[in-house]
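In: quick check, what structure comes out for this input:
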Amino acid sequence: MGAHRLPLPGVICWLMMGTSAVAWAGDLKAELIEKVPFYETVTGAFAPLYPAFARQMVEDYGITEGVCVDVGSSVGMFSMELAKITRVKCYALDINPAAVRLCGILADEAGLTGRVVPIEGDAQAMPFSDGFADLVFSRGSIPFWPDREAGVRECYRILKPGGVAYIGGGFSRVLDPAVRDPIARHRSEQMRKDPEPGFQPLSDLAQVARGAGIPESQFRFIQEPIAGWWLEIRKPADYSGWYRRWHAQMRPWHTQMAEQIVKRAGTRNGRCLELGWGAGGLSVPMAAMTEMDFIVGAYDGDAAVVANQQAREAGCAHRVQALAMDPERLLFRDNRFDLVVGHAGAALWHNPDRVYAEVNRVLKPGGIAILGTGMPPECGKEHEKAFRPLAKSLREATDAPPDGFKRCPEPETVGAWLDEAKVKWSFWVTGDIHCVWIVIHK
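Out: Residues are numbered from 1 along each chain as shown. A predicted model of the protein is given here:
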């Protein structure tokens, strides 16, 4: 059978319907434009701002993928520009239904359907779950929020741990001043002569953040030349889940390390300090093997929480205590510990020579430090095939602490660090497995 063909009248009817649909879509767009305040401004005089802000977010915060919520987006100009240069999925939220519909049309025209998602919603009660967005961006909307503190609380609520919010009004600092400054001056003069109804100044954004309950350590107020006021909020990341996973999966190797350290040190009483990745991987099993008391110098606050939790679960919390501390500036007086232990420290410390000097300082005369990177010091080659890919997958996980591990140092490099620290040391080398364990004697 041949292909089905419409009779001629049907073809004419179909063509007429298509023409009418195109005309209708054009009429709808024109109708929506009439209902969107500042459309001519954001697509005209302000058009250069949005590519600049998109570039600024990438340069300042490394935002190249994940989720962005563009709060008070109007027709989504920023969202579209960010989507063009990154893999970020952008939710363009605005309270004006006409702006939301028009944003959808413009995103379709730009080939960004699905990458830019228009959402109707109120900045003071956003339709997103907690921890939804990697980036919250809002330009020129907060001056019109009736309850600015509520809006800032919402921005903070929907941020993922480790996410950033950039809220305020102004003209991107990365935009060419020859373009930016005339726009900023014209806007300032316009606002001086004819203030917009409901506009609230932005010079008090720091006070707004405090009123919203954002901790002082998590925000900063930024004022730009001519006309620009911004609130930058950084929500702290939570790495406790990663630390729990790291130690649960590395436990067999940590236990081997603990057994071998106890045997090598010959110390079963006194005080021990653990340094390194910092969540108690060695202290907890060593507490079951000795009568020692342990302090864990945790890498960060999340590591300390996990270490203390592990100690409670193992029934040794009365002998193992974790504190977040800088290993280059240990919180103890000289000659305080009989033993210092650690794993993986040299692969992540910024200045290992300073750490080794600090370790030597807090050791008692006659004390010993055993610090390593890589496999347990006495471990058969059969374990290496399992250890390496597991450790690599964990340290490269997307939720791992950002510093992560550098490449495991070569013995010559470690030796140079120890010499720079001016300590008495020796290598603990067994077999030809790639790992570096050292012993500091005081």
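In: centroid-nearest residue for the protein?
Out: G162 (3.2 Å; Cα atoms, centre = their mean).
In: surely that residue meets I233?
Out: No. In this structure, G162 is not within contact of I233 by Cβ atoms under 8 Å, at 11.9 Å. Bear in mind the C-beta positions are built from the backbone N, C-alpha and C, glycine included.
In: report how many residues lie close to R101.
Out: R101 is flanked by 19 other residues according to other Cβ atoms under 10 Å.
In: gap between it and S79?
Out: 15 Å (Cβ to Cβ, to the nearest Å).
In: same question for L390.
Out: In terms of Cβ to Cβ, L390 sits 40 Å off from S79.
In: cool, and F221?
Out: 25 Å.
In: domain parsing for the protein?
Out: 29-234, 240-441 (automatic domain parsing).
In: could the ones you listed be laid out in TSV, adding mean pLDDT?
Out: Output for the domains of the chain, formatted as TSV (pLDDT from 0 to 100):
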stretch	mean pLDDT
domain 29-234	93
domain 240-441	87
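In: circling back: neighbour-wise, which of F221 and S79 wins?
Out: The neighbour count for F221 versus S79, taken as other Cβ under 10 Å, is higher for S79 (31 against 17).
In: ok, for the more buried one, nearest residue in space, not its chain neighbours?
Out: C90 (3.7 Å; Cβ to Cβ, 6 or more residues apart in numbering).
In: can you pull the contacts of the one you found?
Out: 67-70, 76, 78-80, 82-83, 115-117 (Cβ atoms under 8 Å, 6 or more residues apart in numbering).
In: same list (those) but as a markdown table, adding distance to R312 and secondary structure.
Out: Output for these, formatted as a markdown table (distance: Cβ to Cβ, whole Å; DSSP: H, G, I helix; E, B strand; the rest coil):
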| residue | distance to R312 | secondary structure |
| --- | --- | --- |
| V67 | 35 | strand |
| C68 | 39 | strand |
| V69 | 38 | strand |
| D70 | 44 | strand |
| G76 | 49 | coil |
| F78 | 47 | helix |
| S79 | 46 | helix |
| M80 | 50 | helix |
| L82 | 44 | helix |
| A83 | 46 | helix |
| R115 | 46 | coil |
| V116 | 47 | strand |
| V117 | 44 | strand |
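In: can you tell me, leaving aside adjacent residues, what's nearest to A317?
Out: In space, A317 is closest to A311, 4.4 Å off (Cβ to Cβ, 6+ apart).
In: my bad, L394
Out: Using Cβ to Cβ, 6+ apart and skipping residues adjacent in sequence, the residue nearest L394 is W246, 5.4 Å away.
In: so who does that neighbour touch?
Out: So W246 contacts W277, A279, G281, L394 (Cβ under 8 Å, 6+ apart).
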